[in-house]
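Engineer: dropping a prediction and its sequence here:
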Amino acid sequence: MIKVLFICHGNICRSTMAESVMTHLVKQSNLQDVIYINSAATSREEIGNPPHHGTVGKLRQVGIPVVPHRAIQMTQADYDEYDYLIGMDTYNITNMQRIAGGDPAGKIYKLLTFADSGRDIADPWYTGNFDETYNDVLQGCTALLKHIRENYPK
């Protein structure tokens with residue numbers, strides 16, 4: 001099984017959106033027995049909180065079920081457990097590497113890297129723009145799923 005962990009600062013906006021979008025794409029591709037998806041935070045600020053209402057509203061608007069989730073923090077053990085640790089921005093990547101103690105196996109990526117972009121996914125907690133975040137997350141998750149399918153054939 002291929003394990004993917006999406007990570008952002010608080011685990012209530014971007015990473016939970018990515019978890020729900022990727023779960024939806026994986027189910028549409030009938031790969032739910034092949035790919036496991038979860039999400040986490042680099043901080044402890046939102047631990048235990050559900051997805052942000054803006055994330056929930058945007059996912060409902062586009063017809064993607066919201067994965068039931070409560071914010072958790074990434075741990076050093078996650079580095080060994082997951083095949084892909086996917087951050088949303090450069091700041092997340094720095095914190096993920098700090099938590100993991102580096103990235104010796106090359107498992108840490110920024111989501112839009114899979115869509116051939118070095119751009120960060122803007123945090124809608126600050127921007128209020130859940131539409132832009134959703135478009136970037138969808139682009140990144142679609143490209144990540146394509147990458148996984150090409151690199152892990154059945």
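Structural biologist: Structure received.

Engineer: which residues in this structure form strands?
Structural biologist: 2-8, 35-41, 84-87, 108-110 (DSSP state E).

Engineer: what is the helix or strand of the chain with the lowest mean pLDDT packed up against?
Structural biologist: In the chain, the helix or strand scored least confidently by mean pLDDT, DSSP states H and E is helix 124-127, which has a mean of 95. Packing partners of helix 124-127 (3 or more C-beta pairs under 8 Å, 6 or more residues apart in numbering; DSSP states H and E): helix 130-151. Any C-beta I mention is one placed from the backbone N, CA and C, and that applies to glycine too.

Engineer: which strands and helices lie in contact with the helix it packs on?
Structural biologist: Secondary-structure packing of helix 130-151 (3+ C-beta pairs under 8 Å, 6+ apart): strand 2-8, helix 14-28, helix 53-61, strand 84-87, helix 124-127.

Engineer: make it 6 Å
Structural biologist: Using 3 or more C-beta pairs under 6 Å, 6 or more residues apart in numbering; DSSP states H and E, the elements in contact with helix 130-151 are helix 14-28, helix 53-61.

Engineer: returning to what we had before: dump the strands of the chain to a markdown table, plus mean pLDDT and mean neighbour count.
Structural biologist: A markdown table is the format used below for the strands of the chain (pLDDT from 0 to 100; neighbours: other C-beta atoms under 10 Å):
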| stretch | mean pLDDT | mean neighbour count |
| --- | --- | --- |
| strand 2-8 | 98 | 24 |
| strand 35-41 | 98 | 22 |
| strand 84-87 | 98 | 26 |
| strand 108-110 | 98 | 20 |
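
Engineer: any chance of JSON lines for those strands, columns distance to Tyr152?
Structural biologist: Below are the strands of the chain laid out as JSON lines (distance: least, C-beta to C-beta, whole Å):
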{"stretch": "strand 2-8", "distance to Tyr152": "6"}
{"stretch": "strand 35-41", "distance to Tyr152": "9"}
{"stretch": "strand 84-87", "distance to Tyr152": "11"}
{"stretch": "strand 108-110", "distance to Tyr152": "15"}
